[in-house]
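*Asks:* Please work out how this folds:
(one chain, ligands or ions: 1)
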Amino acid sequence: MSHAPRVTVVEDEEALSVLLRYNLESEGYQVETILRGDEAEMTLRDNVPDLLILDWMLPGVSGIELCRRLRQRPETERLPIIMLTARGEESERVRGLAVGADDYVVKPFSTPELLARVKAMLRRANPSVLSHILKVGDLVLDRQQHRVYRTDKEVHLGPTEFRLLEYFMMAPGRVFSRSQLLDSVWGPDIYVDDRTVDVHIGRLRKAINLGNSTDPIRTVRGAGYSFG
Ligand code: CA
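*Replies:* This is a model prediction of the structure:
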């Protein structure tokens with residue numbers, strides 16, 4: 001589902017990884033678990049979640065090294081990262097934060113505590129990711145009621161156009177490639193081609209621009225689309 005915040009967990013202790021997945025999914029997050037640091041580095045190249053939970057000691061590339069590398073890349077420069085570690089010493093904590101982790105949880109931790117931190121961090125990083133009403137410019141999208149308004153007039157959208165608009169409104173100004181939109185709005189397991197994205201963008205534009213003179217959707221040549 002496009003509107004569930006996406007959390008990636010990089011943790012090589014399989015039991016803990018399973019537990020985290022279970023608890024995060026119960027809270028409504030879309031969860032991906034990865035067991036190795038090097039594998040996480042590759043996956044995070046094309047697939048940036050809303051938040052990363054990163055273990056310190058990992059095979060392949062260590063959590064601390066991975067965190068440092070992620071901060072050097074523009075796509076993951078601002079990705080919220082919570083580091084997990086068995087070491088509780090102050091010097092290690094300082095080191096974790098120095099390489100760019102946003103928060104730090106010492107094992108063994110309580111699951112409700114970690115979930116509370118995840119929620120707080122998501123809210124801080126992207127307030128719209130957890131709220132029911134999204135507002136960008138003169139557009140308002142109500143996730144609970146599944147309704148969209150432009151300048152207070154209701155806009156009627158099909159389910160795919162609704163999800164597309166919701167996805168755009170969660171990150172105004174960000175440019176999304178067609179394949180990113182396919183993965184996030186249609187889902188990675190569904191096979192449709194890039195042209196499908198253009199067709200639905202066309203329908204979305206037609207619906208939201210009816211009776212309005214400005215088009216909030218921008219076509220970025222060679223890159224994709226952005227909104228707002
Ligand atoms: Ca570990």
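*Asks:* so after the least confident helix or strand in the chain by mean pLDDT, what's the next helix or strand?
*Replies:* One helix or strand of the chain scores below all others by mean pLDDT, DSSP states H and E: helix 90-98, with a mean of 69. Next in sequence after helix 90-98, counting helices and strands by DSSP states H and E, comes strand 103-106.
*Asks:* That next one vs the ion: in contact?
*Replies:* No - Strand 103-106 does not reach the ion (Cβ under 5 Å from the ion); its nearest approach is 12.9 Å. For every residue, glycine as well, the C-beta is placed using N, CA and C.
*Asks:* The residue nearest to the spatial centre of the chain - nearest residue in space that isn't next to it in sequence?
*Replies:* Central residue of the chain (Cα atoms, centre = their mean): Asp50, 2.8 Å from the mean position. In space, and not counting its chain neighbours, Asp50 is closest to Pro5: 4.4 Å by Cβ to Cβ, 6 or more residues apart in numbering.
*Asks:* That neighbour contacts Val31, doesn't it?
*Replies:* No - using Cβ atoms under 8 Å, Pro5 makes no contact with Val31, being 9.8 Å away.
*Asks:* which neighbours do these two share?
*Replies:* Overlap of the contact sets of Pro5 and Val31 (by Cβ atoms under 8 Å, 6 or more residues apart in numbering) is empty.
*Asks:* Ala120: what secondary structure?
*Replies:* Classification of Ala120 using DSSP: H, G, I helix; E, B strand; the rest coil returns helix.
*Asks:* for the ion, what are the nearby residues on this structure?
*Replies:* Asp12, Asp55, Met57.
*Asks:* which SSE is Asp198 in?
*Replies:* Per DSSP H and E: Asp198 is located in helix 194-209.
*Asks:* and if you look at Ser179?
*Replies:* helix 178-181.
*Asks:* re earlier: what does the helix holding Asp198 contact?
*Replies:* 139, 148, 150, 155-158, 160-161, 164-165, 178-179, 181-182, 186, 215-217, 225.
*Asks:* can you rerun that using 10 Å?
*Replies:* Contact partners of helix 194-209, identified using Cβ atoms under 10 Å, 6 or more residues apart in numbering, comprise 138-139, 148-150, 155-158, 160-165, 168, 176-182, 185-186, 190, 192, 215-217, 219, 224-225, 227.
*Asks:* same deal with stretch 21-29?
*Replies:* Against stretch 21-29 from outside (Cβ under 10 Å, 6+ apart): 1, 3-7, 9, 11, 30-33, 49-51, 53, 111-112, 114-115, 118-119, 122, 130.
*Asks:* which among those residues end up buried?
*Replies:* Burial of the contacts of stretch 21-29 was assessed by neighbour count (16 or more other Cβ atoms under 10 Å); the buried members are 3, 5-7, 9, 11, 30-33, 49-51, 53, 114-115, 118, 122.
*Asks:* Next step: the residues you listed restricted to helices.
*Replies:* Counting by DSSP state H, the buried ones among the contacts of stretch 21-29 place Leu114, Leu115, Val118, Leu122 in helices.
*Asks:* Just the pLDDT at the second one, thanks.
*Replies:* As summarised for this prediction, Leu115 has a pLDDT of 92.
*Asks:* For Gly224, see how far away it is.
*Replies:* 33 Å (Cβ to Cβ, to the nearest Å).
*Asks:* just the last one next, same as before
*Replies:* Shown here: Leu122 relative to Gly224, a distance of 24 Å by Cβ to Cβ.
*Asks:* Show me the strands in this structure, by range?
*Replies:* Taking DSSP state E, the strands of the chain run over residues 6-10, 30-34, 51-55, 81-85, 103-106, 133-136, 139-142, 147-150, 153-155, 175-176, 217-220, 224-227.
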